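Enquirer: any chance you can model this:
(one chain, ligands or ions: 1)
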Amino acid sequence: MPQPAPTSPLALNSFDEFTRLDEVLLGRAEHYDAHHTDTSWRLFFYDNVAPVLGQHTSPSGEELLPIPTQLVDELNEDIAGLADALTECGVKVLRPAAPGKDIDIRSPHWDARATPPLNVRDQTIILGNTIVETAPHVRARIFENDLLKPAFYRYYQHGANWLSMPRPALTRDSLDTAYFTHQNQDVRRATDGESAGAIEGLGLEMVFDGAQCMRLGRDVLVNVANHNHELALRWLRDNIRDLRFHRLDAMADNHIDSVLVPLRPGLMLLRSPAYLKYLPKAMQSWDVIYAPDTDDSNFPDYSDLGFVIPIGSRYMDINLLSIDENTVVVNSLYPELIEVLERRGFTVVPVRHRHRRLFGGGFHCFTLDTVRRGGPEDYLS
Ligand SMILES: NC(=[NH2+])NCCC[C@H](N)C(=O)O
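Expert: Presented below is the predicted three-dimensional model:
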């Protein structure tokens with residue numbers, strides 16, 4: 001049932017992934033015309049890009065991998081569809097500022113082509129009425145949140161708290177490769193050719209993305225796959241005293257929203273039963289919807305474009321966005337999931353998202369839910 005959009009401005013309040021959504025920040029893809037495939041990028045996306053690294057990116061050079069304009073235009077079309085669907089559901093949609101051009105950035109230690117603010121889930125976590133800016137892993141994303149600052153100031157003026165993890169220098173020795181080496185993967189194809197400078201004595205830094213968290217009222221699940229993340233979990237515990245942070249031990253390389261999506265108290269969407277063991281005991285007895293397989297023939301064939309580097313897995317479409325405990329926005333190209341959810345009594349709002357593997361995000365990644373109705377409930381006891 002369409003609900004009237006709330007009359008703004010509303011105070012920042014977002015403790016979970018599923019209570020009624022009133023306001024959301026939605027990313028944008030203008031000028032997403034290249035991936036800067038430096039070492040930090042190759043390591044971050046290693047799980048997905050390792051098989052194609054030698055083919056499309058030089059293992060030794062820092063390269064801009066151009067993205068065909070048609071794909072960016074189509075992505076923007078699909079995002080416009082998402083904006084309309086959210087508005088129709090009575091959700092107020094805010095956008096980051098648009099980068100007016102391609103932006104090249106330079107730190108004292110490296111340079112990069114800036115990534116536009118598309119996956120706004122990644123560099124920030126909203127914890128109740130606190131904005132927490134996280135510590136980017138990908139160098140190209142270090143200034144991404146600048147474009148969200150107009151929105152953050154708006155919430156700040158209306159009483160929000162605002163914290164930032166220490167900004168990482170992302171020098172040559174900052175990133176931990178432990179997650180991959182534990183699986184006996186050879187990461188040299190990602191790290192060879194590193195040209196960033198070093199800072200003597202610095203070593204591994206606090207590096208962490210907001211999308212490594214999943215919020216459940218007073219509890220927050222935090223994926224920790226290496227020492228970079230370990231430092232961030234400690235920072236979260238030290239700085240946000242009134243929430244409980246649960247460590248998920250290397251449930252994924254980094255983000256977890258294409259593995260797990262809590263749909264309502266006691267019910268979650270999960271990639272497969274293999275992931276149950278990573279969850280807190282209390283969640284292991286929740287009811288689970290396992291993600292059905294996607295059908296590749298529903299998605300574009302990129303062979304004519306010659307651009308095939310997927311930075312996201314085929315599980316990206318698990319990445320739905322909840323409007324409330326009974327209403328979810330799902331990729332219309334994933335009818336298999338729509339059917340399962342409808343059978344479970346959900347109202348599904350279908351929105352097309354064609355290039356979900358090429359830009360590293362689904363609907364949960366593209367959004368930062370800033371105002372939901374729920375509070376710091378205890379869903380885990
Ligand atoms: N917030 C995000 N950007 N999430 C995307 C997670 C994608 C995940 N690495 C996958 O390939 O399935």
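Enquirer: need the contact list for residue 36.
Expert: 62-65, 112-113, 115, 139-140 (Cβ atoms under 8 Å, 6 or more residues apart in numbering). In short, each C-beta sits where N, CA and C put it, glycine included.
Enquirer: okay if I get those as TSV plus secondary structure?
Expert: Formatted as TSV, the contacts of residue 36 follow (DSSP: H, G, I helix; E, B strand; the rest coil):
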residue	secondary structure
62	coil
63	coil
64	strand
65	strand
112	strand
113	strand
115	coil
139	helix
140	helix
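Enquirer: please pick the buried ones from these.
Expert: 62-65, 112-113, 115, 139-140 (16 or more other Cβ atoms under 10 Å).
Enquirer: show me where this protein has helices.
Expert: Along the chain, the segments classed as helices by DSSP state H run 39-44, 46-49, 53-56, 69-88, 149-157, 178-182, 188-191, 227-239, 281-284, 335-343.
Enquirer: rebuild those as TSV, extending it with mean pLDDT and mean neighbour count.
Expert: Shown next, in TSV, are those (pLDDT from 0 to 100; neighbours: other Cβ atoms under 10 Å):
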stretch	mean pLDDT	mean neighbour count
helix 39-44	95	25
helix 46-49	91	19
helix 53-56	67	12
helix 69-88	97	17
helix 149-157	98	16
helix 178-182	92	16
helix 188-191	88	18
helix 227-239	98	18
helix 281-284	97	14
helix 335-343	98	16
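Enquirer: turn those helices into a markdown table, including distance to the ligand.
Expert: Shown next, in a markdown table, are the helices of the chain (distance: least, Cβ to the nearest ligand atom, whole Å):
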| stretch | distance to the ligand |
| --- | --- |
| helix 39-44 | 9 |
| helix 46-49 | 5 |
| helix 53-56 | 15 |
| helix 69-88 | 14 |
| helix 149-157 | 18 |
| helix 178-182 | 12 |
| helix 188-191 | 15 |
| helix 227-239 | 14 |
| helix 281-284 | 19 |
| helix 335-343 | 14 |
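Enquirer: where are the low-confidence patches of this protein?
Expert: 1-8, 54-62, 306-308 (pLDDT under 70).
Enquirer: at 80 instead, please
Expert: Scanning the chain for pLDDT under 80 picks out 1-9, 52-62, 303-308.
Enquirer: what does it put close to the ligand?
Expert: 48, 119, 121-122, 211, 255, 257-258, 312-313, 315-316, 360-361, 365 (Cβ under 6 Å from any ligand atom).
Enquirer: filter these down to the buried ones.
Expert: When the residues of the chain next to the ligand are checked for burial by 16+ other Cβ under 10 Å, the buried set is 48, 119, 121-122, 211, 255, 257-258, 312-313, 315-316, 360-361, 365.
Enquirer: where do the strands sit along the stretch 201-350 of the chain?
Expert: 213-216, 219-224, 244-249, 260-264, 267-270, 287-290, 321-324, 327-331, 347-351 (DSSP state E, counting those that start in this stretch).
Enquirer: make JSON lines out of these and add mean neighbour count.
Expert: Formatted as JSON lines, the strands of the stretch 201-350 of the chain follow (neighbours: other Cβ atoms under 10 Å):
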{"stretch": "strand 213-216", "mean neighbour count": "26"}
{"stretch": "strand 219-224", "mean neighbour count": "22"}
{"stretch": "strand 244-249", "mean neighbour count": "16"}
{"stretch": "strand 260-264", "mean neighbour count": "22"}
{"stretch": "strand 267-270", "mean neighbour count": "20"}
{"stretch": "strand 287-290", "mean neighbour count": "15"}
{"stretch": "strand 321-324", "mean neighbour count": "25"}
{"stretch": "strand 327-331", "mean neighbour count": "24"}
{"stretch": "strand 347-351", "mean neighbour count": "18"}
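Enquirer: how about those strands, which one is nearest residue 89?
Expert: strand 321-324 (4.9 Å; Cβ to Cβ).
Enquirer: what's that closest one packed up against?
Expert: Under the contact criterion of 3 or more Cβ pairs under 8 Å, 6 or more residues apart in numbering; DSSP states H and E, strand 321-324 touches strand 21-26, strand 327-331.
Enquirer: walk me through which strands the last one pairs with, and which way each runs.
Expert: In the sheet containing strand 327-331, its partner strands are strand 321-324 (antiparallel), strand 347-351 (parallel), by DSSP bridges.
Enquirer: what's the spacing between it and its chain's center?
Expert: Its chain's C-alpha centre lies 17 Å from the corresponding centre of strand 327-331 when counted by Cα atoms, centre = their mean, to the nearest Å.
Enquirer: contacts for it, please.
Expert: 82, 85-86, 89, 263, 317, 320-323, 337-338, 341, 346-353, 356, 362-363.
Enquirer: relative to strand 260-264, how tilted is that strand?
Expert: With axes from the mean of the first three to the mean of the last three Cα atoms, to 10 degrees as the basis, strand 327-331 and strand 260-264 are set at 150 degrees to each other.
Enquirer: cool, the first one as well?
Expert: Taking the same axes, to 10 degrees, strand 21-26 and strand 260-264 form an angle of 160 degrees between their directions.
Enquirer: what about dumping the CA coordinates of strand 21-26 to CSV?
Expert: What follows is strand 21-26 as a C-alpha-only set of coordinates in CSV (Å, rounded to 0.1, in the frame of the first residue of the first chain):
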residue,chain,number,x,y,z
LEU,A,21,11.9,2.4,5.9
ASP,A,22,11.2,6.2,5.7
GLU,A,23,14.3,7.7,4.2
VAL,A,24,17.2,6.3,2.2
LEU,A,25,20.3,7.6,0.4
LEU,A,26,20.5,6.1,-3.1
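Enquirer: that strand: how far from the chain's middle?
Expert: Distance, centroid of strand 21-26 to centroid of chain: 15 Å (Cα atoms, centre = their mean).
Enquirer: now distance to residue 152 too, for the strands of the stretch 201-350 of the chain, in JSON lines please.
Expert: Below are these laid out as JSON lines (distance: least, Cβ to Cβ, whole Å):
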{"stretch": "strand 213-216", "distance to residue 152": "18"}
{"stretch": "strand 219-224", "distance to residue 152": "20"}
{"stretch": "strand 244-249", "distance to residue 152": "22"}
{"stretch": "strand 260-264", "distance to residue 152": "25"}
{"stretch": "strand 267-270", "distance to residue 152": "29"}
{"stretch": "strand 287-290", "distance to residue 152": "34"}
{"stretch": "strand 321-324", "distance to residue 152": "20"}
{"stretch": "strand 327-331", "distance to residue 152": "24"}
{"stretch": "strand 347-351", "distance to residue 152": "26"}
